[in-house]
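Asks: here is a sequence with its predicted model. Questions after.
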Amino acid sequence: MTTEAAGGEPVRQTVSARDGYDLAVSTFEPAGEPRVVVVIAPAFATPASFYAAFGSWLAGRGIRAVTFDYRGLGRSSGGRHLRDVDADLIAWAGDAADVVAWAAGRAAGTPVAYVGHSLGSQILGLGNHQLVDRALFVAGGNPHVEISGSRMAWAAPFAFRVLMPAVIRMAGYYPGKRMRFMGDAPAGVMRQWLRWARHPEYLLGEFPHAADAFAKVDLPIVSLHMTDDELVGQETTEAMERWYTGAPLTHREVTPAEMGSDRVGHLGFFRPRSAAGWERVALPAIVGAGRADDE
């Protein structure tokens, strides 16, 4: 592990994943000893820097916040172009699990919370959830449910089986920004997502044995659905929540008014304009009761 620090800026660190890949991690440190350590698992192809305002806010409330970039993205690119990154979603899930293990190892008995945004919510069952005391899911869901029930349903078979794979072959990676569908990602990541999204059970369609792993997640979870989410509807969120059969899970609908904003959508919860709602919506889930078996 290497460390860089600059005054009051986040502490930038490099953590080795289980296969030796260097992951860029930033910690937002409170003034004193943290009362909770939070790992923020990003949405698909979303850089860690997107969560900096939220991390800084948490630090101001006595919480150590840990953000990271999945391999190939942001500061975890290692200077490589995405076409040169060998990764899939399972590797990204492993990155999240390894950062959780690293953060828990430094927590010295302090409770560890997990904040999963979109993809981050989907992969907790694949990682070191036994090291986590509680979780907050934001805008998580089973994409197949949303796609099959949307205006995309008629076009998805052609787009997912023909068009997008062809684009990936030509570019060597997935140029999501140019496609105006999700973000830029390594080819292996998007190819796996396309397979998952075509199955009613998403990732469980490719890895049915993972259902047992998800069922073993027994920590308290608060799952937030934004009422104006343009990508994830309520049924989509509830379909993902059903994977976590062993967890005491609370589903919560969140309106823009609660967040003090006119618009939240799929990404807006973590934008500074939503800070007015973090205290009453996010904080109770992060600092609430501990694991069910500790109560």
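Replies: Perfect, thanks for sending it.

Asks: quote the end-to-end distance of stretch 270-287.
Replies: 18 Å (Cα to Cα, to the nearest Å).

Asks: ok, and for that stretch, which residues are buried?
Replies: For stretch 270-287, the neighbour count (16 or more other Cβ atoms under 10 Å) marks 270-271, 274-275, 277-278, 281-283, 285-287 as buried. (Each C-beta comes from the backbone N, C-alpha and C, glycine too.)

Asks: likewise for stretch 12-27?
Replies: Buried, per 16+ other Cβ under 10 Å, within stretch 12-27: 12-13, 15, 17, 21, 23-27.

Asks: now the two most distant members of these.
Replies: The largest separation in the buried residues of stretch 12-27, counting by Cβ to Cβ, is between 21 and 27 at 19.1 Å.

Asks: which stretches of the stretch 101-250 of the chain form helices?
Replies: 119-122, 143-148, 156-158, 164-171, 176-179, 187-197, 203-206, 210-215, 234-241 (DSSP state H, counting those that start in this stretch).

Asks: quick one: closest of the ones you listed to residue 226.
Replies: helix 234-241 (9.2 Å).

Asks: with just CA atoms, put that closest one into CSV.
Replies: Extracted in CSV, the C-alpha atoms of helix 234-241 (Å, rounded to 0.1, in the frame of the first residue of the first chain):
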residue,chain,number,x,y,z
GLN,A,234,-39.8,0.5,-8.2
GLU,A,235,-40.4,-3.0,-9.5
THR,A,236,-36.8,-3.1,-10.7
THR,A,237,-35.5,-2.2,-7.2
GLU,A,238,-37.8,-4.8,-5.6
ALA,A,239,-36.6,-7.5,-8.0
MET,A,240,-33.0,-7.0,-6.8
GLU,A,241,-34.1,-6.7,-3.1
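
Asks: residue 285 reaches residue 223, doesn't it?
Replies: No: with contact defined as Cβ atoms under 8 Å, residue 285 does not reach residue 223; the gap is 9.3 Å.

Asks: who touches both of those two?
Replies: Residues touching both residue 285 and residue 223 (Cβ atoms under 8 Å, 6 or more residues apart in numbering): none.

Asks: got the buried residues of stretch 12-27 as a markdown table, with secondary structure and pLDDT columns?
Replies: Listed next are the buried residues of stretch 12-27 as a markdown table, based on DSSP: H, G, I helix; E, B strand; the rest coil; pLDDT from 0 to 100:
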| residue | secondary structure | pLDDT |
| --- | --- | --- |
| 12 | strand | 95 |
| 13 | strand | 94 |
| 15 | strand | 96 |
| 17 | coil | 96 |
| 21 | coil | 96 |
| 23 | strand | 98 |
| 24 | strand | 97 |
| 25 | strand | 98 |
| 26 | strand | 97 |
| 27 | strand | 97 |
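
Asks: now render the residues you listed as CSV, adding distance to residue 231.
Replies: What follows is the buried residues of stretch 12-27, written out as CSV (distance: Cβ to Cβ, whole Å):
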residue, distance to residue 231
12, 30
13, 31
15, 30
17, 28
21, 29
23, 26
24, 26
25, 27
26, 26
27, 29
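
Asks: name the nearest residue to the residue sitting nearest the centre point of the chain, sequence neighbours excluded.
Replies: Centroid-nearest residue in the chain: residue 120, 2.0 Å away (criterion: Cα atoms, centre = their mean). The shortest distance from residue 120 to any non-neighbouring residue, by Cβ to Cβ, 6 or more residues apart in numbering, is to residue 41 (3.0 Å).

Asks: residues contacting the one you found?
Replies: Applying Cβ under 8 Å, 6+ apart, the residues contacting residue 41 are 96, 99, 114-117, 119-121, 123-124.

Asks: quick one: residue 68 and residue 99 touch, right?
Replies: Yes: the pair residue 68 / residue 99 is scored as a contact, 4.8 Å apart, by Cβ under 8 Å.

Asks: what about the strands in the stretch 1-150 of the chain?
Replies: Using DSSP state E, counting those that start in this stretch, the strands assigned to the stretch 1-150 of the chain run over residues 2-4, 11-16, 22-28, 36-41, 63-68, 112-117, 134-138.

Asks: pairing partners for the fourth one, with directions?
Replies: Each strand paired with strand 36-41, and its direction, by DSSP bridges: strand 63-68 (parallel), strand 112-117 (parallel).

Asks: report the angle between that strand and strand 134-138.
Replies: Between the axes of strand 36-41 and strand 134-138, defined by axes from the mean of the first three to the mean of the last three Cα atoms, to 10 degrees, the angle is 40 degrees.
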